[in-house]
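Peer 1: Dropping the sequence and predicted coords here.
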There are 2 protein chains.
Amino acid sequence: MDWHELMGRHREFDVEKALDAAMCVFWRKGYEGASYADLTQAAGVERPALYSAFGNKEALFKKVLVRYYEHHLDYIPVALALPTAREVAAHILYNAIDLNTRYPEHTGCLGINGVLAGSDEAEPVRLALIEARAEGEAMLVERFERAKAEGDLPQAASAQTFAAFLLAILHGMAVQAKAGFSRETLRAVADQALSAWPAPK
Amino acid sequence: MDWHELMGRHREFDVEKALDAAMCVFWRKGYEGASYADLTQAAGVERPALYSAFGNKEALFKKVLVRYYEHHLDYIPVALALPTAREVAAHILYNAIDLNTRYPEHTGCLGINGVLAGSDEAEPVRLALIEARAEGEAMLVERFERAKAEGDLPQAASAQTFAAFLLAILHGMAVQAKAGFSRETLRAVADQALSAWPAPK
DNA sequence: GCGTTTTAATAATGGTCGTTATGAAATGGA
DNA sequence: TCCATTTCATAACGACCATTATTAAAACGC
């Protein structure tokens, strides 16, 4: 490699910095929502320079994805080396939480956002969907408060937590269904979630 | 209402059918991935007819969303009326699974897909992301198989199920982070998930 | 310094997007 | 029958999209 650096004009921009800039844009706006104008502006590089360095938009996103796994999902191999499965799960979960909330300008996960986020003019629709889910969540919270009052859930339990947990499972299953998971697998996920449920009384 | 039906030419297409057709398209392709050409073709209606009946693309999606809640999420109020919180959760979970897998041409949830799915030419990227998650899932399955061999997970447990469950939580938390959930709420969700984890030995 | 090779910058390409004039056809009231 | 009103169909609009010719500039080996 690098044999081509011996001749010709040198590249004037930092490839790694440009890749990080592109990652920020994709992380925030998603794949389709990120226009090439956004990417070149964030990288401070003209269009043909990005093309010659990384290929087209799809190739650039895939390079960004590799970098994301190497630089931000490096806690996963660490977790996999832990002694117990519970520690594995805990390590992954807590590190994912940190990653999802560390950068205010691009929350969540690049992989999910990559196809969940969208361009700016789609924001009203995103907000409408978020609001719709929030209404559902509020109904669940109210219902679980009633359950506490009826002794159906322990007094120490948080209705808000149970609602958020249930919604997380629902969102996760929806993403998995989109990814082609079988009904039986989803059923097993749901049963596993229910096994965490406190017994009545 | 309907005062305007007394005069002028009558509408020649069924508004409800057009709304259902638009719902199918949005469900499969997401909001941004669904072009107005897709919508008019699916509805069998010319462009200005859709505009005059429902407004622009955003207004049409919101009308579709209302219809989705009324026609496909009607199991939620039913669930909320069940006697125990566990039954509420179980009813919602199982009905969501059915909804997510009932229609092969538009799997998952309209709400999630609305901002998760995309247009056809973004499919290579979707597949790349799905493959990346599948690799992570495979690593988790392998790790949990080892845990079973080490007595860290019960022999009766399914490593595949635990991996799918953990991924569902991760996906759900990513969606929630994107929706603005606080770090503390996500932490509570993770702890709730871990409370379902079987104890070692 | 010359020639070769690579990058940089400007600008243009074809295509698709969401949205909308425009005018013809149809309907009911007067 | 004629008018007011609404829908229908064709076609066009400007904007933005991802992608690339094209030309100028820079850096090396010789």
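Peer 2: Nice, I can see it.
Peer 1: By mean pLDDT, which helix or strand of chain A comes out lowest?
Peer 2: Sorting the helices and strands of chain A by mean pLDDT, DSSP states H and E puts helix A:110-116 at the bottom, at a mean of 78.
Peer 1: Downstream of it, the next helix or strand is which one?
Peer 2: Moving toward the C-terminus from helix A:110-116, the first helix or strand encountered (DSSP states H and E) is helix A:123-149.
Peer 1: List the buried residues in that next one.
Peer 2: For helix A:123-149, a neighbour-count test (16 or more other CB atoms under 10 Å in any protein chain shown) marks A:125-126, A:128-130, A:132-133, A:136-137, A:140-141, A:143-145, A:147-148 as buried. Where you see a C-beta, it was placed from the backbone N, CA and C, and this is true even at glycine.
Peer 1: Would you confirm that A:Arg86 contacts B:Ser195?
Peer 2: No - under the criterion of CB atoms under 8 Å, A:Arg86 makes no contact with B:Ser195, lying 10.8 Å away.
Peer 1: more crowded one of these two?
Peer 2: Applying other CB atoms under 10 Å in any protein chain shown to A:Arg86 and B:Ser195 shows that A:Arg86 carries more neighbours, namely 17 against 12.
Peer 1: which residue sits closest to the most centrally placed residue in chain A in space, ignoring its chain neighbours?
Peer 2: By CA atoms, centre = their mean, the mean C-alpha position of chain A lies nearest to A:Cys109, the distance being 2.1 Å. Nearest residue to A:Cys109, sequence neighbours excluded (CB to CB, 6 or more residues apart in numbering or on different chains): B:Ala174, at 4.0 Å.
Peer 1: ok, the one you found - how many residues close by?
Peer 2: Burial of B:Ala174, expressed as a neighbour count using other CB under 10 Å, amounts to 27.
Peer 1: residues in contact with the residue lying closest to A:Met139 once chain neighbours are set aside?
Peer 2: Closest residue to A:Met139 apart from its sequence neighbours, by CB to CB, 6+ apart: B:Leu80 at 6.2 Å. With contact set as CB atoms under 8 Å, 6 or more residues apart in numbering or on different chains, B:Leu80 has these partners: A:139-140, A:143, B:88.
Peer 1: nearest to DNA strand C, of those residues?
Peer 2: Sorting the contacts of B:Leu80 by how near they are to DNA strand C, with CB to the nearest atom of the strand, puts A:Met139 at the top with 31.2 Å.
Peer 1: Now do the closest one against DNA strand D, distance only.
Peer 2: Spatial separation of A:Met139 from DNA strand D under the definition CB to the nearest atom of the strand, to the nearest Å is 35 Å.
Peer 1: Make sure that residue is actually in contact with B:Ile76.
Peer 2: Yes - applying CB under 8 Å as the test, A:Met139 and B:Ile76 come out as touching, 7.4 Å apart.
Peer 1: Chain A: helices as residue ranges?
Peer 2: Ranges of helices within chain A are A:15-33, A:36-43, A:47-54, A:57-72, A:75-80, A:85-102, A:110-116, A:123-149, A:159-178, A:183-194, based on DSSP state H.
Peer 1: Next, the buried residues of the fifth one.
Peer 2: Counting neighbours by 16+ other CB under 10 Å, one finds that the buried residues in helix A:75-80 are A:76, A:79-80.
Peer 1: from those, which is closest to B:Ala199?
Peer 2: Taking CB to CB as the measure, A:Ala79 is the one of these closest to B:Ala199, at 19.0 Å.
Peer 1: how many other residues sit next to the closest residue to A:Cys24 other than its chain neighbours?
Peer 2: Leaving out its chain neighbours, the residue that sits closest to A:Cys24 by CB to CB, 6+ apart is A:His106, at 5.9 Å. Each residue near A:His106 was counted by other CB under 10 Å, and the total is 19.
Peer 1: residues in contact with A:His106?
Peer 2: A:24, A:27-28, A:113.
Peer 1: Which of those residues ranks first by neighbour count?
Peer 2: Sorting the contacts of A:His106 by how many neighbours each has (other CB under 10 Å) puts A:Asn113 first, at 26 neighbours.
Peer 1: got the contact list for that one?
Peer 2: If you count contacts by CB under 8 Å, 6+ apart, A:Asn113 has them with A:26-28, A:30, A:106, B:174, B:178.
Peer 1: In chain A, which residue sits nearest DNA strand C?
Peer 2: Nearest to DNA strand C in chain A, going by CB to the nearest atom of the strand, is A:Gly8, at a distance of 2.1 Å.
Peer 1: surely A:Gln176 meets B:His171?
Peer 2: Yes - between A:Gln176 and B:His171 there is a contact under CB under 8 Å: 6.7 Å.
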